[in-house]
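Enquirer: here's a sequence, model it:
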Amino acid sequence: MDIRDLVDELERICGEANVLTDRDQLRTYESDGLLHYRVAPAVAVLPGSAEEVREVVRACSEAEMPWVARGAGTGLSGGALPVADGVLIALSRLRGIIEVDLANGRVVVEPGVTNVEVSKAVAPTHFFPPDPSSQIVCTIGGNVAENSGGAHCFKYGFTTNYVTGLELVLPDGDVVTVGGKEVGRPGYDLVGAFVGSEGTLGIATKITLRVVPVPEDARTLVAYFETMEEAGQTVSDIVAAAVVPGAIEIMDRLSIKATEEATHAGYPLDVGAALIVELDGPTAECEARFSEVRAICERNGASGIRVAQDETERQLIWKARKAAFAAMGRISPYYYVQDSVIPRTRLAEVLGRIDELAAEYGFAVANVFHAGDGNLHPLVAYDARKPGEAEQAEKLAGEIVLACVEAGGSITGEHGVGV
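Expert: Numbers count the residues shown, from 1 in each chain. Down below sits the predicted model:
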């Protein structure tokens, strides 16, 4: 079957309007959030149901045509990068919330449902803990593929901790169901094997999620420090004190500047680091732990501490943090983000090495990351319009990853391996 015959078959399955072959239309699907790489598919197809997904995959299999599935395209590792002259299967039309079962703490959704829509569907009593910065637009299908985390993963865990069942279309078009609403089925953990497989094992067309009750209370503060080393040491001291924050994040001077210009959240521009700490749980426990965290920040030389006075201010603090990646566009027209994980105790050392490498290459590197589990997100700022800069930025990013691995870390924590 040649490509024209395959296009005809895809149009029969999904309708002509949902099969794209025009070059301008396909530009949307040339990359994910990692704009450094672009590949044009031969065709993009937008199935509207699980059955259409099955038929599309089977048609591609019979035509021996490579395909890649895509959610919202917010990934930062190239995981949704198409195969040249292959098929791009976009799942954006599969946006149904099939079932909400709060009695059992379960929600069943299609892969195109956004992360934030899950929490909205179970509010105000429950929420879905994994919260990537792109949660307003990223999809559950993509979260499952990449095993996404977010700011609250230190306490609550990653997507894999909240997926209990999957309906899957395998690469040959066959459909299987693994897991279900219950937890702890005997045998191999097939659900766990699929989560984080980055689309290599098939497409999830129905996803059963675990949601949890909203905590009684949440307290948020931002502590400002002159150096990243002081902020990093404070993180280690908080964890060593047996405090388990709901979230614990660090932004450096450059990322603070970018986010403040974008969100006007009230972050000072004359500090070297901002440490965001959020505690949640029973009110009495939050109050006691909050005082302890504040004291640790003060002992470590915090130049100022801002405490959210109400939910509006709390959301403003988090709006700035979650806008960090997008806000970097105000600093540089292009950036290359990494996702390495290192032991918390090596934070100061690795951050110092990143500064050395940035100076050596002559690039600005912003650091904004999940400090509790040492998940770094160095953003290398560059200008692709200048000859050679993109290649040098990629080389610098590679050296940063190598430094993290040499410190006992891993190449990725939540963005996926991708390309």
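Enquirer: how far away is T21 from V53?
Expert: Applying C-beta to C-beta, to the nearest Å, one obtains 19 Å for the distance of T21 from V53. For every residue, glycine as well, the C-beta is placed using N, CA and C.
Enquirer: more crowded one of these two?
Expert: Here T21 and V53 are set side by side on neighbour count (other C-beta atoms under 10 Å), and the busier one is V53, at 29 against 16.
Enquirer: might you report the residue contacts of the more buried one?
Expert: When contacts are counted by C-beta atoms under 8 Å, 6 or more residues apart in numbering, V53 is found next to P47, I89, L91, L94, V169, I203, T205.
Enquirer: which non-adjacent residue is nearest it?
Expert: P47 (4.6 Å; C-beta to C-beta, 6 or more residues apart in numbering).
Enquirer: wait, isn't the one you found in contact with V87?
Expert: No. With contact defined as C-beta atoms under 8 Å, P47 and V87 do not form a contacting pair (11.2 Å).
Enquirer: which neighbours do the two share?
Expert: Here P47 and V87 share the contacting residues V56, scored by C-beta under 8 Å, 6+ apart.
Enquirer: R346 against G374, yeah?
Expert: Yes. R346 sits in contact with G374 when judged by C-beta under 8 Å, with a separation of 7.4 Å.
Enquirer: these two - which one has more neighbours?
Expert: Under the neighbour definition other C-beta under 10 Å, R346 and G374 were set side by side, and G374 has more, 25 against 18.
Enquirer: what about the more buried one, distance to S236?
Expert: G374 is 10 Å from S236, where distance means C-beta to C-beta.
Enquirer: and for R353?
Expert: Note on R353: its distance to S236, by C-beta to C-beta, is 18 Å.
Enquirer: ditto for E298
Expert: Plainly put, E298 is 16 Å away from S236 if you go by C-beta to C-beta.
Enquirer: the two: which has the busier surroundings?
Expert: With neighbours defined as other C-beta under 10 Å, E298 and S236 compare such that S236 has more, 16 against 12.
Enquirer: surely the more buried one and L347 touch.
Expert: Yes. S236 is within contact range of L347, at 7.4 Å (criterion: C-beta under 8 Å).
Enquirer: next, count neighbours for T205.
Expert: When counting by other C-beta under 10 Å, one arrives at 24 neighbours for T205.
Enquirer: also E311?
Expert: A count of nearby residues for E311, using other C-beta under 10 Å, gives 10.
Enquirer: before we move on, back to that, what's the pLDDT at the residue nearest to V53?
Expert: In this model, P47 is scored at 99, pLDDT.
Enquirer: how about it, phi and psi?
Expert: The phi and psi values for P47, taken as degrees, to the nearest 10, are phi -70, psi 150.
Enquirer: where do the helices sit along the stretch 201-350 of the chain?
Expert: Secondary structure of the stretch 201-350 of the chain, counting by DSSP state H, counting those that start in this stretch: helices at 228-240, 253-263, 283-299, 311-322, 324-327, 347-361.
Enquirer: quick one: mean pLDDT for the fourth one?
Expert: Spelled out, it's helix 311-322. Helix 311-322 shows a mean pLDDT of 93.
Enquirer: then the first one?
Expert: Along helix 228-240, the predicted local confidence has a mean pLDDT of 92.
Enquirer: D24 and A40: what is the separation?
Expert: Distance, D24 to A40, using C-beta to C-beta: 11 Å.
Enquirer: who has more neighbours, these two?
Expert: The residue with the greater number of neighbours, taking D24 and A40 and applying other C-beta under 10 Å, is A40; the counts read 16 against 7.
Enquirer: distance of the more buried one from E30?
Expert: Relative to E30, A40 is positioned 6 Å away (C-beta to C-beta).
Enquirer: which neighbours do those two have in common?
Expert: Common contacts of A40 and E30 (C-beta under 8 Å, 6+ apart): P82.
Enquirer: how many neighbours does G184 have?
Expert: Taking other C-beta under 10 Å as the criterion, the count of residues near G184 is 6.
Enquirer: just A241 next, same as before
Expert: Here the number of neighbours of A241 (other C-beta under 10 Å) works out to 13.
Enquirer: overlap in contacts of R346 and G374?
Expert: Shared between the contact lists of R346 and G374 (criterion: C-beta under 8 Å, 6+ apart) are residues G409.
Enquirer: just the buried positions in stretch 52-71, please.
Expert: Taking 16 or more other C-beta atoms under 10 Å as the neighbour-count basis, stretch 52-71 is seen to contain the buried residues 52-60, 63, 65, 67-71.
Enquirer: using PDB, write out every CA atom in that stretch.
Expert: Coordinates of each C-alpha in stretch 52-71 appear next as PDB, following Å, rounded to 0.1, in the frame of the first residue of the first chain:
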ATOM      1  CA  GLU A  52     -10.900   4.800  15.000                       C
ATOM      2  CA  VAL A  53      -7.500   4.700  16.700                       C
ATOM      3  CA  ARG A  54      -7.600   0.900  16.400                       C
ATOM      4  CA  GLU A  55      -8.400   1.100  12.800                       C
ATOM      5  CA  VAL A  56      -5.800   3.800  12.000                       C
ATOM      6  CA  VAL A  57      -3.100   1.800  13.800                       C
ATOM      7  CA  ARG A  58      -4.100  -1.400  12.000                       C
ATOM      8  CA  ALA A  59      -4.100   0.400   8.600                       C
ATOM      9  CA  CYS A  60      -0.600   1.700   9.300                       C
ATOM     10  CA  SER A  61       0.600  -1.700  10.400                       C
ATOM     11  CA  GLU A  62      -0.700  -3.400   7.200                       C
ATOM     12  CA  ALA A  63       0.900  -0.600   5.100                       C
ATOM     13  CA  GLU A  64       4.100  -1.100   7.100                       C
ATOM     14  CA  MET A  65       4.000   2.700   7.700                       C
ATOM     15  CA  PRO A  66       5.700   4.000  10.900                       C
ATOM     16  CA  TRP A  67       3.600   6.200  13.200                       C
ATOM     17  CA  VAL A  68       4.000   8.300  16.300                       C
ATOM     18  CA  ALA A  69       1.200   9.300  18.700                       C
ATOM     19  CA  ARG A  70       0.800  12.800  20.000                       C
ATOM     20  CA  GLY A  71      -1.100  14.500  22.700                       C
END
